[in-house]
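Participant: sequence and predicted model, in that order:
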Amino acid sequence: LAALERQVFDFLGYQWAPILANFLHIIIVILGLFGTIQYRPRYIVVYAIWTAIWVTWNIFIICFYLEVGGLSKDSELLTFNISRHQSWWSENGPGCVRKEASMSGIKGLDSHSYISVIGCALEYRYIEVMHSSFQILIAV
């Protein structure tokens with residue numbers, strides 16, 4: 001259920017790398033459960049290997065949002081450089097007030113707005129870190 005919840009919020013933020021990772025995680029968890037119930041050792045081994053990969057992925061996400069090393073949470077790494085989207089939580093976090101100001105002189109369907117977010121009770125990067133930490137806790 002935690003992976004499905006995370007998948008929903010990654011879809012809302014158009015973050016394609018986490019969407020792909022979550023999708024694979026959901027499929028392999030289903031295979032792991034099937035392997036456990038039917039006692040299929042190969043499925044259990046695949047699940048064990050995937051769990052190590054999943055923990056590593058979540059450690060990367062934590063490092064990404066905390067900007068460890070050369071990583072930057074403002075990069076387009078999680079969207080495969082396709083779009084400039086970021087975490088859904090950056091604009092819709094708890095207590096956040098979103099103010100949108102349209103760009104003057106630009107009209108039409110493709111016009112963009114400047115969005116400022118103020119008053120957040122918790123920064124979005126910490127919410128993402130908590131999500132990944134919870135995933136690690138469940139995996140362990």
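Facilitator: Good, I have the coordinates. Numbering: from 1, shown residues only.

Participant: buried ones in stretch 53-67?
Facilitator: 54-55, 57-58, 60-62, 64-65 (16 or more other CB atoms under 10 Å). From N, CA and C alone the C-beta is placed, and that goes for glycine too.

Participant: and the helix or strand containing Thr56, what other elements does it pack with?
Facilitator: Using DSSP states H and E, Thr56 maps to helix 41-65. The contact analysis (3 or more CB pairs under 8 Å, 6 or more residues apart in numbering; DSSP states H and E) places helix 41-65 against helix 16-38, helix 124-139.

Participant: tell me which helix or strand of the protein sits lowest on mean pLDDT?
Facilitator: Every helix and strand in the chain was compared by mean pLDDT, DSSP states H and E; the lowest is strand 113-118, with a mean of 68.

Participant: let me see the contact set for the closest residue to Val68 other than its chain neighbours.
Facilitator: Using CB to CB, 6 or more residues apart in numbering and skipping the chain neighbours, the partner closest in space to Val68 is Ile62 (7.9 Å). By CB atoms under 8 Å, 6 or more residues apart in numbering, Ile62 lies in contact with 68, 129, 132-133.

Participant: what of Ile19?
Facilitator: 7, 10-11.

Participant: and Trp54, by the same measure?
Facilitator: 21, 25, 135, 139.

Participant: neighbour-wise, which one of the residues you listed leads?
Facilitator: Note: the member of the contacts of Trp54 with the most neighbours is His25, at 24 neighbours, neighbours being other CB atoms under 10 Å.

Participant: if I look at that one, how far off is Glu76?
Facilitator: 22 Å (CB to CB, to the nearest Å).

Participant: again, but for Phe11
Facilitator: 17 Å.

Participant: number of nearby residues for Phe80?
Facilitator: So Phe80, with other CB under 10 Å, has 11 neighbours.

Participant: how close does it get to Ile19?
Facilitator: With distances taken as CB to CB, Phe80 is found 10 Å from Ile19.

Participant: what touches both of these two?
Facilitator: Counting by CB under 8 Å, 6+ apart, nothing touches both Phe80 and Ile19.

Participant: since that was my last question, I'll sign off now.
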